[in-house]
Structures are given as C-alpha cells and as structure tokens.
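S.K.: sequence first, then the predicted structure:
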Amino acid sequence: MRHAASWLLILCSTLATAQTPAKQITDNQHVWLSVNSTMRFSDRWGAIADVHVRRTNYIADPSFYFVRGGASYWLADNLSLVAGYGHMWLASTVNGKTAFADENRVYQQILYSSRINTVSVLNRFRNEQRWREVLDNGKSTGDFSFSSRLRYLLSLGIPVSKNPKFPQISIANELAVQFGQSVVYNTFDQIRLFGGIRQGFGRGWSYDLGYMLVYQQGAGGNTYN
C-alpha cells in the first residue's frame with residue numbers, strides 16, 4: 001500500500017510537470033521615438049499630446065504607431081489630472097506581409113511631481129480602457145477584445161552638476177497589470193525599466209536618450225518578450 005501511494009505521487013508529479021508549458025523568451029531590438037508635450041492655457045486648464053513610433057529589428061520593421069491627447073486640470077502646480085483618448089496601430093507579420101490592428105484607448109491619469117534635495121521625482125498613475133481589434137490571418141474579424149490596464153510610473157531626475165549644460169541622469173520604472181475577459185494567463189502585462197540622460201535646451205524643451213528594457217508577458221502566460 002505504501003509503495004502504491006509512492007508510485008501514485010510520482011505519477012501525479014510527472015503529469016503536472018508534463019502539463020506545465022515551458023517558459024519561452026523572445027528577444028527583440030527596438031528603436032522608440034516619441035514627442036511628448038504639455039500645454040497650459042490657464043492656472044488650472046491645459047492639454048497634453050503625444051506621438052510615438054516604435055520600430056522593431058532596430059528600425060527595419062514597424063512595431064506600432066501611437067497618438068494620444070487629453071485634457072489636463074491642475075489641482076496644484078505639482079499635481080494634475082488628465083483624461084483623454086489614444087489610438088494605436090499595432091503591427092503584426094503574417095505570411096511575410098505586415099498587418100495593423102487598431103486599438104482604441106480611453107485613459108485617466110494622476111501625475112504628482114516633487115523633489116528630494118536636488119533629485120526630481122515623478123509619480124504617474126494611469127488607468128486605461130482598451131479595445132483591440134481582432135485579426136485573423138492579417139484580416140479584421142470586425143471584433144474587438146476589451147481589457148483594462150493599470151500603470152504606475154516612478155521617474156527620477158538626478159543632476160550631476162550645477163552647470164545646466166550638463167545632462168541629468170534619468171532613471172524610470174513602469175509596471176502595468178491588466179484585467180478583462182480575454183486576460184486569463186497574463187494579468188501581469190509588462191515592466192519598462194529605463195536608464196539614460198535628460199538634457200534641457202531652450203525654454204520648456206528637453207530630450208531623453210537612453211536604454212529601455214521591456215519585459216512583457218504573452219497571452220498564453222508562458223511566453224515573454
């Protein structure tokens with residue numbers, strides 16, 4: 001009886017291991033360019049507008065195009081609320097041809113900035129409702145899958161010199177989780193770790209340049225990009 005129980009445990013363990021899909025990681029190289037603007041029309045009201053282009057295989061193939069706009073309301077100079085709309089064209093390759101799936105996105109955002117000594121700290125919480133077009137062999141089925149996504153960004157600007165001609169060190173991390181009927185195995189969506197520099201030039205203008213590691217879970221739960 002004791003031997004039978006031991007064999008039963010071994011069999012169950014083997015079956016459980018066999019049914020667990022192997023973890024698969026795919027490495028990609030991207031170039032991501034964006035222009036991000038904030039416009040203030042009064043003490044309280046303003047707007048934001050972004051344009052993003054991401055290419056894969058460095059710059060050889062399209063990954064996505066994205067535009068976003070929104071209305072901003074400042075509760076204080078360092079605390080603002082934003083609500084708006086974004087649209088993405090997400091590329092996929094089928095039989096050597098590129099197809100784009102539309103994604104409509106409504107979002108709400110809270111942004112809070114502060115300082116710790118000379119270090120600038122930015123906290124951003126964003127709630128998104130996303131409708132993503134379903135493609136079949138690169139063609140639209142007319143259906144859209146819905147999901148909600150929560151995103152939290154922490155960004156630090158660390159000056160290395162009092163001379164404004166020297167760039168700051170820029171470090172950021174963003175975590176995203178998602179929910180919805182189509183989200184079964186990948187509630188964890190992705191993290192985005194960024195390290196680079198930020199340099200101001202002219203009134204109200206600056207650029208960021210650096211490296212970002214994106215770690216994203218696929219719909220099956222065992223695939224990662």
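M.R.: Thanks, I have the structure now.
S.K.: can you give me the helices in the protein?
M.R.: Residue ranges of the helices in the chain, as given by DSSP state H, are 2-19.
S.K.: where does pLDDT dip in it?
M.R.: Confidence mapping of the chain against pLDDT under 70 gives the ranges 1-20.
S.K.: how about 50 then?
M.R.: For the chain, no stretch has pLDDT under 50.
S.K.: residue 36 versus residue 69, what's the distance?
M.R.: 11 Å (CB to CB, to the nearest Å). For the C-beta atoms, the positions are set from N, CA and C on the backbone; glycine is no exception.
S.K.: please apply the same query to residue 166.
M.R.: According to CB to CB, residue 166 stands 22 Å off from residue 36.
S.K.: okay, residue 69 and residue 36: which has more neighbours?
M.R.: Higher neighbour count among residue 69 and residue 36: residue 69, with 15 against 12, using other CB atoms under 10 Å.
S.K.: I'd say that one and residue 83 touch.
M.R.: No. Look at residue 69 against residue 83 with CB atoms under 8 Å: they stay out of range, at 10.3 Å.
S.K.: and the strands in the protein, which stretches?
M.R.: Using DSSP state E, the strands of the chain run over 24-25, 30-40, 45-56, 61-76, 79-94, 97-116, 119-136, 139-158, 168-179, 188-200, 206-216, 223-224.
S.K.: output the contacting helices and strands for the second one.
M.R.: For strand 30-40, the helices and strands in contact under the criterion 3 or more CB pairs under 8 Å, 6 or more residues apart in numbering; DSSP states H and E are strand 45-56, strand 61-76.
S.K.: centre of the chain to the last one, how far?
M.R.: On the basis of CA atoms, centre = their mean, to the nearest Å, the separation between the geometric centre of strand 61-76 and that of its chain is 12 Å.
S.K.: likewise for the first one?
M.R.: Averaging C-alpha positions (CA atoms, centre = their mean) puts strand 45-56 13 Å from its chain's average.
S.K.: quick one: list the elements packing against that strand.
M.R.: So strand 45-56, by 3+ CB pairs under 8 Å, 6+ apart, packs with strand 30-40, strand 61-76, strand 79-94.
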